[in-house]
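Colleague: sequence first, predicted model second:
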Amino acid sequence: MQSFVLIFQIFLAISLGYFVAPQLSQQIKQFVFKILPYFSYLLLISVAFELTQALNHISNPIAILPPALLIAFTTSIGSFFICLITYTLIDRQSVQGKISLHLFMNALKNIAKAFFALGIGILLGILINTSNIQIVFNSWYLLLVFIFLIGVELAFTQFDRSWLGWRVLLVPAAAFVGSCLAAIINYLILSHDYTLNEMMALAQGYGWYSMSGILFTELHSAKLGGIALLTDLFREIFAILLMYCLGWRFPRSAISSAGATSMDVTLAMVKQSCGTHYIPHAMMSGLILSLLAPLLISLFLNLKVSVR
């Protein structure tokens, strides 16, 4: 039920921005277009801050960091390359072309800015943790403001209808297949500690850490809930880095690696690195994976598969 409420809020915000946009004055429109590029860095600061807060509230985080990092890395890379291979086979033209030096240099600049923003967020989190100040921070409302502004921009963007075709479904499908393959590899590495169905379930969060951490704690254990939380936090960060590094060259693959976050947090990076024209792809992929994530987690956790 929670997933439907969050998805409804996202689509309400973007729809409101889209339909309000024509009524805005020229000065407000120009202001929106000027501040939009900076929102991605605000969101990066908030993600890094929430990561430090999460680590501070998890008992013995060092013990669960290695599996969380492994799962996050393999699922992100798996989704990226499965999508790349799929489009190479089905739509080769979409992954061909010359590498632009200008775009590559822009990507390097964006990566440097992204690391700087992440560093600020981590530093803020550490300072607050060490000073024992209790701050209740929720980046969700900041995210809804950004999505509203994206809706305003979309109202003035011309789209072709190619994103309405069946091929747009290949992006979330690649995320699912890539994550499942990564889960099997992770099981082979961590089989002495985790069952196959646990590995498969941990691969289905798609970066939605606020959902997966709670769901795993309720359905399984606090330990797996902590791993799920960190896995999806790191998966979100890996997706952001892939977006900045390769999103300009392989936009669909980068969106696939972003999982459910392509509809919300990493939407800023989709716009910045892939281009505004890929926002509908990101929204569609994020919507599908957001709806599937809690269902797939519950399904795999309830499967009585405990191969060791």
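Modeller: Received the coordinates, thanks.

Colleague: what's the neighbour count on the closest residue in space to Ile126 that isn't next to it in sequence?
Modeller: Spatially, and ignoring its direct neighbours in sequence, Ile126 is nearest to Thr52 (6.0 Å; C-beta to C-beta, 6 or more residues apart in numbering). Every residue, glycine included, has its C-beta placed from N, CA and C. Thr52 sits with 18 neighbouring residues when counted by other C-beta atoms under 10 Å.

Colleague: what does Val171 give?
Modeller: 30.

Colleague: and the helix or strand hosting Phe116, what does it pack onto?
Modeller: Counting by DSSP states H and E, the element that carries Phe116 is helix 101-130. Applying 3 or more C-beta pairs under 8 Å, 6 or more residues apart in numbering; DSSP states H and E, we find helix 101-130 packed against helix 26-57, helix 222-246.

Colleague: tell me the average confidence for it?
Modeller: Helix 101-130 carries an average pLDDT of 78.

Colleague: same check on stretch 157-177?
Modeller: Average pLDDT, stretch 157-177: 78.

Colleague: against Ile128, how distant is the most centrally placed residue in the chain?
Modeller: When C-alpha atoms, centre = their mean is applied to the chain, the residue found nearest the centroid is Thr261 (2.9 Å). Using C-beta to C-beta, to the nearest Å, Thr261 is found at 24 Å from Ile128.

Colleague: what of Ser290?
Modeller: Note on Ser290: its distance to Ile128, by C-beta to C-beta, is 30 Å.

Colleague: circling back to that earlier point, could I get the pLDDT score of the residue nearest to Ile126?
Modeller: pLDDT for Thr52: 80.

Colleague: mind listing the strands for the stretch 151-300 of the chain?
Modeller: With DSSP state E, counting those that start in this stretch, there are no strands along the stretch 151-300 of the chain.

Colleague: show me where it has helices.
Modeller: 170-190, 196-202, 209-219, 222-246, 251-258, 267-269, 279-302 (DSSP state H, counting those that start in this stretch).

Colleague: ok, residues contacting the second one?
Modeller: Contacts of helix 196-202 from elsewhere in the structure, counted by C-beta atoms under 8 Å, 6 or more residues apart in numbering, are 71, 180, 183-184, 186-187, 190, 194, 216, 220, 224, 227-228, 231, 296-297, 300-301, 303-307.
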